[in-house]
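> Next input, structure requested:
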Amino acid sequence: MNDAHIAAIAAESELRPAQVAATAALLAEGATVPFIARYRKEATGSLDEIQVALVRDRLAALAALDARREAVLKSLEQHGHLTDEVKAAIDAAASLSQLEDLYLPYRPKRRTRATAAREKGLAPLAEVLLAQTGCAPAGEAAAFVDPEQGAADVQEALSGARDIIAETITENPAARADMRQLFAAQAVIRSTVAGGQETAGAKFRDYFDWTEPAAKAPSHRILAIRRGEREDILNVSIAPPEEAALALLESRFIHGSGEDAEQVRLALRDGYRRLLSRAMETEARLALKERADREAIRVFAGNLRQLLLDPPLGPKRVMGIDPGFRTGCKVVCLDPQGKLLHHDTLFFHTSEKRREEAVRKMATLCEAFQIEAIAVGNGTAGRETETIVKGLPCAQNLPILLVNESGASIYSASETARAEFPDLDLTVRGAVSIGRRLMDPLAELVKIDPKSIGVGQYQHDVDPGALKDALDDVVVSCVNAVGVDLNTASAELLAYVSGLGPRLARNILLFRNEHGPFGSREALKQVPRLGPKAFEQAAGFLRVKNGAHPLDASAVHPESYPIVDRMARDLGCSLADLLGAPQMQRRIDLKRYVTATVGLPTLTDILQELAKPGRDPRETFEAFEFAEGVATLEDLQPGMKLPGIVTNVTAFGAFVDIGVHQDGLVHVSELAERFVKDPAQVVRLQQRVKVTVLAVDLARKRISLSMKSAPAEAPRREPATAPRGGAAERSKERRRPAGKETPKRPFNNPFGALLDRSPKR
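As a prediction, this is how the structure comes out:
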């Protein structure tokens, strides 16, 4: 363990060194972030997942810096440049940019103008001029004129000396640090349209003549401009005012007033324009890209977390419908565990004869498979199919909901779907995914590459590695926060459980298929290659309902079972009697059970789990309906007030589905009556909102919405693992669109009775 790294991380994160050291030790032992945050609170001082992940990432970054430092020292030593002074500076470098600045003068480089000047023996002349002693440059240069081996004349000698000075200034670590700060504070992004691209690049029209301080440029604008440049539509530059940059350099390098100082000034200006400004612009571009990536990834990760933690309907008999006009609607019937029982194709949108046949089939399927809910994909023909199904006699007492099918086609063509349904059409697989999403969004969405879910901004423009790492962290966090049923989970879901991974997940499934359902957590130890370490990491996040031990269905870790057994004995009751018995639990004095390794944080978690064993942190499922009579863009009129669901939150606003096959945009300026800097502070993914239609552009299929006069519903409680942000419950009030008559009908919430009959997950 590197004590310097521990101290550095503690200082920059405001954590205690002991917390960082304990977290680093656990990570080195192979512990995962969810396990450390949930089951090792005493060791870390109750650090949460975000803080543990921060320590993990900084340790990795500092290790990478050390690796680069070693490579630099080795190179300097090989080439004879490593002195005690240089080594001390290299060892003290606290960032990669500082390290590279120190290495730059010694780094092997291609042949430059300064290299050629040094070969002509002009380095001493450059040193004389840079000293600015008041000498006459022409007189000094005359001594270096050598038509055969050196400069041909005085002017060539002075020019070569200036080239050396320009490179020296460019490679000066202090000058680069000053210039880096200037670029960070005063650089301006300028974009102009490339010649002849005015028509082809219409989508970048806003940036045809754009100027903005780089420090204030938002993530989405940086990524958009970069994309325009990459597609050869825009010409882009990033630089501070040249006068400020030159003045900064002159203040550091010009300290005379004679002709030699003027030569240095000429070299300085040439060096900045030809070398330093370009190097700094490259760094600035990278820094802006990294900043834009971080923000875009943060937005994407926050949206993904909210989507994954969307409330599940639970284990019900569900009919999933993948709508279609000409090719028909693919219909599947699923059992409460999501197993496919039947599939068919119903034609609701073709001839009257085929529609009548579809209605009869629908009634037969609902009765035969005792369907409890119907999930309709929200893509093409979604609203039309929903309207028809709601009018069918067989569906009058069933909840019928539109389900976001984004990414379902990706799943349908995936290896996972092919392995599960090798003989089924892609659209049938998609219908299965739609039905399962209603039952448990988390369990189904983990089968899809998070980038394909479509809840980010410019996700194809950000660093793919950083994006994958961040999204994987979110999925792992959500899966382990909710917990996984060991006897029903798919291999994809099990793979995200702390300590498992794809290989052990497959082994668990093979073992389950061969030996039947697991009767206990302890039985996990019989799975091939699942050793003690993997069991320790995973067991607390896996659930075994009706298992051999009453706590197997809870989040209490098996290592803590003896503590709970002792609590029950002290109360004179059985463990089963203790579970869900608040009066008994209130008699427990946690201080009696504190040990050297188990403290009050863990004991408090155990007590909370005893109150609600296996509790699901997700909200209770609630139905939602779009406004009747509003199903296409042509149905919209400015002034309408409509219910909607937030489908994406970006840095510039929120996209809202109002049921017309095209999401509308609530610009950040229209989210609230007050100034909003971060849309995520006002709205969240899947939030039910009321919006006002501002404008409809039929030609471009764009809808402008506002939430100013149609406030969102009251925020609901966030799941414990979710970042702060606006959450909302469905409002009981249904507004009539202004300027258009919307038919009213009583709304019966069939989920009320349906959910009342079912135990909470």
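> What pLDDT is listed against residue 467?
At residue 467, the model reports a pLDDT of 89.
> residues touching it, list them.
Residue 467 is in contact with 293, 297, 300, 451, 459, counting by C-beta atoms under 8 Å, 6 or more residues apart in numbering. C-beta coordinates here come from the backbone N, C-alpha and C atoms, glycine included.
> Most neighbours among those residues, please name it.
residue 300 (27 neighbours; other C-beta atoms under 10 Å).
> From residue 406, how far out is that residue?
Separation of residue 300 from residue 406 (C-beta to C-beta, to the nearest Å): 13 Å.
> before we move on, the earlier item: quick one: which two of the contacts of residue 467 are the most distant?
293 and 451 (13.5 Å; C-beta to C-beta).
> hmm, back to that, next, format the contacts of residue 467 as a markdown table and append secondary structure, pLDDT and distance to residue 424.
Converted to a markdown table, the contacts of residue 467 look like this (DSSP: H, G, I helix; E, B strand; the rest coil; pLDDT from 0 to 100; distance: C-beta to C-beta, whole Å):
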| residue | secondary structure | pLDDT | distance to residue 424 |
| --- | --- | --- | --- |
| 293 | helix | 92 | 39 |
| 297 | helix | 91 | 35 |
| 300 | helix | 89 | 31 |
| 451 | helix | 76 | 25 |
| 459 | coil | 76 | 29 |
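> list the contacts for the most centrally placed residue in the chain?
Taking C-alpha atoms, centre = their mean as the criterion, residue 301 is the residue nearest the geometric centre of the chain, at 2.4 Å. If you count contacts by C-beta under 8 Å, 6+ apart, residue 301 has them with 470, 471, 473, 474.
> Name the member of the residues you listed with the most neighbours.
residue 474 (23 neighbours).
> Report how many residues lie close to residue 706.
A count of neighbours around residue 706, defined by other C-beta under 10 Å, yields 19.
> that older thread, which neighbours do residue 300 and residue 406 share?
With C-beta under 8 Å, 6+ apart as the test, residue 300 and residue 406 both reach residue 455.
> From residue 450, how far off is the spatially closest residue to residue 453 that is not a sequence neighbour?
Closest residue in space to residue 453, ignoring its immediate chain neighbours: residue 407 at 4.6 Å, by C-beta to C-beta, 6 or more residues apart in numbering. Distance from residue 407 to residue 450, counting by C-beta to C-beta: 9 Å.
> Give the helix, strand or coil label for residue 647.
Put simply, residue 647 is strand when judged by DSSP: H, G, I helix; E, B strand; the rest coil.
> okay but it is in contact with residue 662, surely?
No: judged on C-beta atoms under 8 Å, residue 647 makes no contact with residue 662 at a distance of 10.9 Å.
> Settle it for me: which of the two has more neighbours?
Neighbour count, other C-beta under 10 Å: between residue 647 and residue 662, residue 647 has more, with 21 against 15.
> got the contact list for that one?
404, 406, 455, 655, 656, 657, 663, 685, 686.
> Let's see that with 6 Å instead.
For residue 647, the contact set (C-beta atoms under 6 Å, 6 or more residues apart in numbering) comprises 655, 657, 663.
> any idea of the pLDDT on it?
Value listed for residue 647 in the pLDDT field: 88.
> thought residue 229 was touching residue 236?
Yes: using C-beta atoms under 6 Å, residue 229 is in contact with residue 236, at 4.6 Å.
> pLDDT below threshold where in the stretch 301-450 of the chain?
Counting by pLDDT under 70, the stretch 301-450 of the chain shows no low-confidence range.
> wait, the stretch 1-150 of the chain
Looking at the stretch 1-150 of the chain by pLDDT under 70, you get 1.
> And the helices in it?
Remark: helices assigned in the stretch 1-150 of the chain by DSSP state H, counting those that start in this stretch are 3-13, 17-28, 33-39, 41-44, 49-78, 84-92, 96-103, 113-119, 123-131, 137-142.
> so of those helices, which one's packed in deepest?
Of all those, helix 33-39 has the most neighbours on average by mean count of other C-beta atoms under 10 Å, namely a mean of 24.
> could you list every residue that touches residue 33?
49, 52, 53.
> Report the separation between it and residue 484.
Counting by C-beta to C-beta - residue 33 and residue 484 are separated by 16 Å.
> got it, and residue 697?
45 Å.
> So between these two, which is more surrounded?
Applying other C-beta under 10 Å to residue 697 and residue 484 shows that residue 484 carries more neighbours, namely 24 against 10.
> For that one, which residues count as its bridge partners?
residue 542 (DSSP bridges).
> Can you check the pLDDT for it?
For residue 484, the model assigns a pLDDT of 95.
> close enough to count as contact, it and residue 496?
No: in this structure residue 484 lies outside contact range of residue 496 using C-beta under 6 Å: 8.1 Å.
> can I see the domain layout of the protein?
Listed domain ranges for the chain are 3-106, 113-302, 315-439, 633-756 (source: automatic domain parsing).
> distance between the ends of the second one?
Spelled out, it's domain 113-302. 50 Å (C-alpha to C-alpha, to the nearest Å).
> I'd like the distance from that domain to the chain centre, please.
Put simply, domain 113-302 sits 35 Å off its chain's centre (C-alpha atoms, centre = their mean, to the nearest Å).
> Going forward, count from 49.
From this message on, residue numbering opens at 49, which makes the last subject domain 161-350.
> Where does residue 743 sit: helix, strand or coil?
Quick answer, by three-state DSSP: residue 743 is strand.
> For it, give its distance to residue 718.
Using C-beta to C-beta, residue 743 is found at 11 Å from residue 718.
> Kindly report the same for residue 441.
For residue 441, the distance to residue 718 equals 42 Å [C-beta to C-beta].
> Quickly find the element holding the nearest residue in space to residue 395 that is not next to it in sequence.
The shortest distance from residue 395 to any non-neighbouring residue, by C-beta to C-beta, 6+ apart, is to residue 402 (4.0 Å). With secondary structure defined by DSSP states H and E, residue 402 is part of helix 400-416.
> Mind listing what's buried along that helix?
Across helix 400-416, burial judged by 16 or more other C-beta atoms under 10 Å covers 406, 407, 410, 413, 414.
> Not counting its own residues, what contacts the helix or strand just after it?
Next in sequence after helix 400-416, counting helices and strands by DSSP H and E, comes strand 421-425. For strand 421-425, the external contacting residues (C-beta under 6 Å, 6+ apart) are 364, 366-371, 430, 433-434, 446-451, 453, 482-483, 486.
> any idea what sits nearest residue 593, other than its immediate chain neighbours?
residue 601 (5.0 Å).
> Surely the one you found and residue 590 touch.
No: using C-beta under 6 Å, residue 601 is not in contact with residue 590, being 9.9 Å away.
> the more surrounded of the two?
residue 590 (27 against 20).
> so that one makes contact with residue 536?
No: Residue 590 is beyond contact range of residue 536, at 11.3 Å (criterion: C-beta under 6 Å).
> that's a helix at residue 615, yeah?
Yes: read with three-state DSSP, residue 615 is one of the residues of a helix.
> Identify the residues contacting it.
Residues near residue 615 by C-beta under 6 Å, 6+ apart: residue 636.
> Please tell me how far it sits from residue 651.
Taken as C-beta to C-beta, the span from residue 615 to residue 651 is 9 Å.
> For residue 193, which non-adjacent residue is closest in space?
Leaving aside its chain neighbours, residue 193 sits nearest to residue 199 (5.4 Å; criterion: C-beta to C-beta, 6+ apart).
> any idea how far residue 192 is from that neighbour?
To residue 192, residue 199 is 6 Å away according to C-beta to C-beta.
> Can you list phi and psi of residue 259 for me?
For residue 259, the backbone dihedrals (degrees, to the nearest 10) come out as phi -130, psi 130.
> whoops, residue 451 was the one
Note on residue 451: backbone dihedrals following degrees, to the nearest 10 are phi -120, psi 130.
> quick one: the residue nearest to it when sequence neighbours are not counted from residue 69, how far?
Nearest residue to residue 451 in three dimensions, chain neighbours excluded: residue 423, at 4.5 Å (C-beta to C-beta, 6+ apart). Counting by C-beta to C-beta, the separation of residue 423 from residue 69 is 49 Å.
> Next: residue 77.
Shown here: residue 77 relative to residue 69, a distance of 13 Å by C-beta to C-beta.
> I'm done for today, thanks for sticking with me.
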